[in-house]
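**Q** My questions are about this predicted structure, shown below with the sequence.
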Amino acid sequence: MESLLFDELLQEIFQRLPSSASSAVPLVCKRWLILHRNCRSSLSLRFPSASPSSLSVFSSFLSRYPRLSSLAVVLVPPDKSTPLFSISSDAAEGCEETHFSLLSEHLLLAVAFNCGHLRHLRFLAGPVSPSSLLSLSSSCEHLSSLSLSFVRPFSFHWLTFFPSLKDLSLVDCGSIGYDDTLQFDSDHHELPLESLCLSGIKAGDRGFRWLWRSCTKLRRLQLRSCEGTGDGASSSAFVRCLPRLQELELRTCRSIADGVLLRLAEHCGSLHSLLLYDGGSRDGLHHFMSQYRSTLRKLDLRLPLDLDNEHLSAVARNIRGLVSLRLQSCCLVTGEGLKTLSSAVNAELEELALINCDVVEREPGLLTTLGQSLRELRKLDLSYNEMLRDKELVSMLVSCKNLVDLNLRGCRGLTGATLLSMFKSCKLLETIDIKQCCRIEADNVEFFLLNSPRLRQVHVEESKISGVAKTWASQKFIKIID
C-alpha cells in the first residue's frame with residue numbers, strides 16, 4: 001500500500017497529522033523521512049555555544065529542510081547534556097550572550113544560504129552586524145517577520161535592505177563597538193513596518209530619531225523594560241510613529257509611561273488596544289483615560305498600586321465601545337468601580353479578566369452582579385483567585401450562557417460542583433483551564449468531558465485524566481493540555 005501512494009499525497013497526509021503523530025513519521029523509512037523534511041515549513045532550534053566545526057553540521061542540517069518559511073534559532077548556555085542542536089517547540093525569550101560573536105555571524109550566514117523561502121525568522125543566537133543582515137536580505141527577499149538581538153551603538157538603516165518586512169522585534173543584548181564598512185544614506189525612508197517591539201532602551205540611548213521618522217505605517221508598538229524612547233526626552237521624533245497606531249503595549253516602562261500616554265492622547269486617534277503593565281502614575285493614567293475619547297476596544301492593565309475606582313469611572317464615561325477588559329493584581333479596585341464600569345459597557349463587553357484580584361474574594365456577591373450585567377461575555381478569566389468558592393462562581397455562570405472560553409487556573413477553592421454547574425449553564429463552552437485546581441477530582445473531569453458536546457480544549461493535569469476520558473477526548477478531537 002505504501003508504494004502505491006504518490007509523494008504528493010503522502011506529504012498532504014503528513015501536513016494534516018497532529019504534532020504527536022508527526023514526530024514518528026521520519027522513523028518509518030528513508031522515503032518518509034525525506035518527504036517529511038521536504039514538506040516541513042517550520043522549525044525551532046536551540047543551539048549551544050559550539051566550536052566552528054559544528055557550523056558545517058548546522059548548515060547541512062538546514063539544507064535538509066528546503067521549504068522552511070518559519071525558523072527560530074536560539075543560543076542556550078553550554079551544558080554537557082545539551083546536544084549540538086535540538087528541535088524545540090518554543091524558543092527562549094532572552095539573549096544569552098552580550099559579546100559580539102563570530103558564532104552568531106556564521107549561524108546567520110548559514111540561515112541565509114540554506115533558507116531562501118523564509119518569511120519569519122527569530123534569531124536570538126547573539127548579536128549580528130549590518131553586513132551579515134545584508135546577506136540575509138539578499139537571500140530571503142520575502143522576509144516579513146524578524147526578531148533579533150541588538151547591541152549599542154544603534155543603527156537602524158539596515159532596515160532599508162528588507163522591503164517586505166512588516167514585523168520587527170529587537171531584544172537588548174548589551175553594548176559593543178564594531179566597525180561596519182557599509183555606508184548608509186542619512187535621509188529617512190518610509191519603512192513598511194507595521195509592528196515593532198523594542199526591549200531595554202536606556203535613558204541615554206541615541207540613534208532612534210531615524211527609526212521613528214521612518215515608521216509612518218506603524219500599527220502596533222511594544223516597549224518592554226524601557227527607560228526612554230531614544231535621543232532624549234526633548235526629541236520630537238517619537239510622535240511621528242503615533243498617528244496610525246492601533247495597538248500599544250508598555251511593559252515595565254514606569255519612567256516613560258506617562259509621557260508616552262500624553263503623546264498618544266495628543267497625536268493618535270485610532271488606538272484600539274492598550275496594555276499597561278507595572279508602570280505609570282495614577283495622575284498620568286487618569287489624564288489619559290479622561291481625555292482619550294477614541295475607538296479603544298481592549299484594555300489590559302496590571303497596576304497593583306496605581307489603578308483605582310476613579311480610573312474605572314473615567315473609562316465608563318469616555319470609552320463606551322470596550323469589548324475586552326483585563327485587570328491583573330489590581331489591589332485598589334473595589335466592587336463599586338467594577339459595577340460602574342460594567343453598567344456602562346454591558347452590551348459590548350465580550351471578555352473579562354480579573355486575575356489575582358482580591359476584590360473577587362473580598363466582596364461577596366460581586367460576581368453575581370457582574371454576571372447579570374455582562375450577559376454577552378464570551379471569555380472569562382478568574383485565574384489565581386485562590387479563595388474563590390463554588391457558590392460565588394456558580395451564581396455568575398448561571399447568567400453567562402454565551403461563554404466559550406473559561407480560565408480558572410490556580411483557583412484552589414473550587415470543587416467538582418463548579419464543573420457540574422458549567423455542564424448545566426455553559427452549553428457553548430469550547431475551552432477551559434482547570435489546572436492547579438486541587439479540589440477538582442478525576443471523576444469530575446471525566447464527567448465534564450463526556451457531557452460537554454462543544455468542548456475542544458482542556459488544560460488539566462494528566463493525572464486527572466482517566467482512561468475513559470482519554471478515549472472519549474481522542475474520539476471527539478478534544479485536545480488535552482497538561
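**A** That came through fine. Numbering: from 1, shown residues only.
**Q** Compute the number of surrounding residues for the residue lying closest to residue 76 once chain neighbours are set aside.
**A** Nearest residue to residue 76, sequence neighbours excluded (C-beta to C-beta, 6 or more residues apart in numbering): residue 46, at 5.0 Å. Where C-beta positions appear, they are placed from N, C-alpha and C, glycine not excepted. A count of nearby residues for residue 46, using other C-beta atoms under 10 Å, gives 19.
**Q** Residue 297 now?
**A** Using other C-beta under 10 Å, residue 297 has 17 neighbouring residues.
**Q** Could you grab the helix/strand/coil label for residue 311?
**A** helix (DSSP: H, G, I helix; E, B strand; the rest coil).
**Q** Return the per-residue confidence for it.
**A** Looking at residue 311, its pLDDT reads 94.
**Q** which residues of this structure score low on pLDDT?
**A** 1-28, 30-39, 49-53, 77-101, 152-153, 173-188, 233-234, 294 (pLDDT under 70).
**Q** go with 80
**A** The chain contains residues with pLDDT under 80 at 1-41, 47-56, 75-103, 150-154, 172-188, 231-235, 293-294, 320.
**Q** helix/strand/coil for residue 71?
**A** strand.
**Q** unless I'm mixing things up, it is touching residue 108, no?
**A** No. Counting by C-beta atoms under 8 Å, residue 108 is not a contact partner of residue 71; they are 10.9 Å apart.
**Q** Which neighbours do the two have in common?
**A** Counting by C-beta atoms under 8 Å, 6 or more residues apart in numbering, no residue touches both residue 71 and residue 108.
**Q** contact partners of stretch 286-296?
**A** Outside stretch 286-296, the residues that reach it (C-beta under 8 Å, 6+ apart) are 261-262, 264-265, 268-274, 310-311, 314-315, 317-319, 321-322.
**Q** Just the buried ones from these?
**A** With burial judged by 16 or more other C-beta atoms under 10 Å, the buried subset of those is 261, 264-265, 268, 271-274, 311, 314-315, 318-319, 322.
**Q** part of a helix, is the residue nearest to residue 76?
**A** No. Under three-state DSSP, residue 46 falls outside any helix and is assigned strand.
**Q** Quickly note the distance from it to residue 403.
**A** 38 Å (C-beta to C-beta, to the nearest Å).
**Q** Among the contacts of stretch 286-296, which lie within strands?
**A** 273-274 (DSSP state E).
**Q** Quick one: list the elements packing against the helix or strand hosting residue 148.
**A** Assigned by DSSP states H and E, residue 148 falls within strand 145-152. Judged by 3 or more C-beta pairs under 8 Å, 6 or more residues apart in numbering; DSSP states H and E, strand 145-152 is in contact with strand 120-124, strand 167-175.
**Q** so the first one versus strand 145-152, what angle?
**A** Relative orientation of strand 120-124 versus strand 145-152 (axes from the mean of the first three to the mean of the last three C-alpha atoms, to 10 degrees): 30 degrees.
**Q** What residues sit buried inside whichever helix or strand comes after strand 120-124?
**A** The first helix or strand that comes after strand 120-124 along the chain, using DSSP H and E, is helix 130-139. Neighbour counts over helix 130-139 (16+ other C-beta under 10 Å) mark 130, 132-133, 135-137, 139 as buried.
**Q** hey, where'd the strands end up in the stretch 251-400 of the chain?
**A** Under the criterion DSSP state E, counting those that start in this stretch, strands of the stretch 251-400 of the chain are mapped to 273-277, 298-302, 324-328, 351-355, 379-381.
**Q** Of these, which is nearest residue 364?
**A** strand 351-355 (14.7 Å; C-beta to C-beta).
**Q** chain center to the closest one: distance?
**A** 17 Å (C-alpha atoms, centre = their mean, to the nearest Å).
**Q** Name every strand pairing with that strand and say which way it goes.
**A** Sheet pairing of strand 351-355 (DSSP bridges) gives strand 324-328 (parallel), strand 379-381 (parallel).
**Q** Report the angle between it and strand 298-302.
**A** Using the same axes, to 10 degrees, strand 351-355 lies at 0 degrees relative to strand 298-302.
**Q** hang on, the earlier thing: export the helices and strands packed on strand 145-152 as TSV, with columns for mean neighbour count.
**A** Output for those, formatted as TSV (neighbours: other C-beta atoms under 10 Å):
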stretch	mean neighbour count
strand 120-124	21
strand 167-175	19
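**Q** if we compare those, which one ends up closest to residue 373?
**A** Using C-beta to C-beta, the nearest of the helices and strands packed on strand 145-152 to residue 373 is strand 167-175, at 37.6 Å.
**Q** Residue 57 falls within a strand, correct?
**A** No. With three-state DSSP as the criterion, residue 57 is helix rather than part of a strand.
**Q** What is the burial count for it?
**A** 13.
**Q** Okay, helices next: where are they in the stretch 201-350 of the chain?
**A** Under the criterion DSSP state H, counting those that start in this stretch, helices of the stretch 201-350 of the chain are mapped to 209-214, 254-267, 282-291, 309-318, 335-344.
**Q** And the longest one, how far out from the chain middle?
**A** Relative to the mean C-alpha coordinate of its chain, helix 254-267 is positioned 23 Å out (C-alpha atoms, centre = their mean).
**Q** Give me the contact list for it.
**A** 203, 223, 226-229, 233, 238-239, 242-243, 245, 248, 250, 253, 271, 276, 278-281, 283-285, 287-288, 291-292.
**Q** strand partners of the strand holding residue 148, parallel vs antiparallel please.
**A** Looking at strand 145-152 with DSSP bridges, its partner strands are strand 120-124 (parallel), strand 167-175 (parallel).
**Q** how much space between residue 238 and residue 212?
**A** Taking C-beta to C-beta, one finds residue 238 at 5 Å from residue 212.
**Q** Please enumerate the shared neighbours of those two.
**A** With C-beta under 8 Å, 6+ apart, residue 238 and residue 212 have common neighbours 229-230.
**Q** Tell me what residue 250 is bridged to.
**A** Beta-bridge pairing for residue 250 (DSSP bridges): residue 223, residue 276.
**Q** I figured it hits residue 273, correct?
**A** No. The criterion here is C-beta under 8 Å, and residue 250 misses it with residue 273 at 11.8 Å.
**Q** one step back: generate JSON lines for the strands paired with strand 145-152, with distance to residue 393 as supplementary columns.
**A** Output for these, formatted as JSON lines (distance: least, C-beta to C-beta, whole Å):
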{"stretch": "strand 120-124", "distance to residue 393": "39"}
{"stretch": "strand 167-175", "distance to residue 393": "38"}
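**Q** do you know which of those lies nearest residue 361?
**A** Proximity of these to residue 361 was assessed by C-beta to C-beta; the nearest stretch is strand 167-175, lying at 37.4 Å.
**Q** That closest one: what's the following helix or strand?
**A** Next along from strand 167-175, by DSSP H and E: strand 195-199.
**Q** In its sheet, which strands sit next to that following strand, and in what direction?
**A** strand 167-175 (parallel), strand 220-224 (parallel).
**Q** As TSV, the ones you listed with distance to residue 454 would be great.
**A** TSV is the format used below for these (distance: least, C-beta to C-beta, whole Å):
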stretch	distance to residue 454
strand 167-175	33
strand 220-224	32
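**Q** between those strands, which gets nearest to residue 430?
**A** Among the strands paired with strand 195-199, the nearest to residue 430 by C-beta to C-beta is strand 220-224 (26.8 Å).
**Q** between that closest one and strand 273-277, how big is the angle?
**A** For strand 220-224 against strand 273-277, the angle by the same axes, to 10 degrees is 0 degrees.
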